[in-house]
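Student: Here is a sequence together with a model predicted from it:
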Amino acid sequence: MRVTATERARGVVERVAASGRTELMLVLGTGCCDSTAPFLYDHYYPGADAVLVGDVGDVPVFAPAFLARLYEDEALVVDAEPEAHADTFSLEAELGYRFTLRLPRPAEPAADRN
């Protein structure tokens with residue numbers, strides 16, 4: 001599994017960092033209802049089995065080992081969608097965004113997104 005990000009997602013992460021949040025990390029697969037949705041936390045312990053699967057700027061992206069193995073041959077992209085719902089603990093919601101995880105678009109390979 002290799003996770004990259006869109007420009008919009010990187011911009012949202014930068015805005016969260018600029019708001020004073022420190023020790024940021026994106027974590028996949030920690031939501032009870034959102035399955036593999038990316039969650040942005042500060043001062044968070046991702047779990048003993050978490051593996052580094054990418055980064056969004058200077059922010060590392062972790063996934064549980066089982067999820068990384070499940071998608072081991074996949075390139076995935078973190079994006080940020082405006083008008084987030086307030087039903088998340090992920091920090092980008094404070095700015096009105098919600099992170100999503102998707103496959104890269106054919107015209108925009110993952111290698112070109114970072």
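Tutor: Happy to help now that I have it.
Student: CA atoms for contacts and neighbours, from now on please.
Tutor: Fine.
Student: what sits against the residue nearest the centre of the chain?
Tutor: Residue closest to the average C-alpha location in the chain (Cα atoms, centre = their mean): Pro38, at 3.9 Å. Contacts of Pro38 were listed using Cα atoms under 8 Å, 6 or more residues apart in numbering, and they are Leu26, Val27, Leu28, Gly29, Val78, Phe99, Thr100, Leu101.
Student: who's in contact with Val16?
Tutor: Leu91, Glu92, Leu95.
Student: Would you mind checking these for buried ones?
Tutor: Among these, those scoring as buried are Leu91, Glu92 (criterion: 16 or more other Cα atoms under 10 Å).
Student: ok, the contacts of Val16 vs Ala9, which is closest?
Tutor: Lowest distance from Ala9 to those (Cα to Cα) belongs to Glu92, with 9.4 Å.
Student: Low-confidence regions, the protein specifically.
Tutor: Where the chain drops to pLDDT under 70, the residues are 30-35, 84-87, 107-114.
Student: 50 instead?
Tutor: 111-114 (pLDDT under 50).
Student: JSON lines please, covering the contacts of Pro38 and showing neighbour count, distance to Arg8 and secondary structure.
Tutor: Listed next are the contacts of Pro38 as JSON lines, based on neighbours: other Cα atoms under 10 Å; distance: Cα to Cα, whole Å; DSSP: H, G, I helix; E, B strand; the rest coil:
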{"residue": "Leu26", "neighbour count": "26", "distance to Arg8": "15", "secondary structure": "strand"}
{"residue": "Val27", "neighbour count": "27", "distance to Arg8": "18", "secondary structure": "strand"}
{"residue": "Leu28", "neighbour count": "24", "distance to Arg8": "18", "secondary structure": "strand"}
{"residue": "Gly29", "neighbour count": "16", "distance to Arg8": "21", "secondary structure": "coil"}
{"residue": "Val78", "neighbour count": "26", "distance to Arg8": "9", "secondary structure": "strand"}
{"residue": "Phe99", "neighbour count": "23", "distance to Arg8": "10", "secondary structure": "strand"}
{"residue": "Thr100", "neighbour count": "18", "distance to Arg8": "11", "secondary structure": "strand"}
{"residue": "Leu101", "neighbour count": "17", "distance to Arg8": "13", "secondary structure": "strand"}
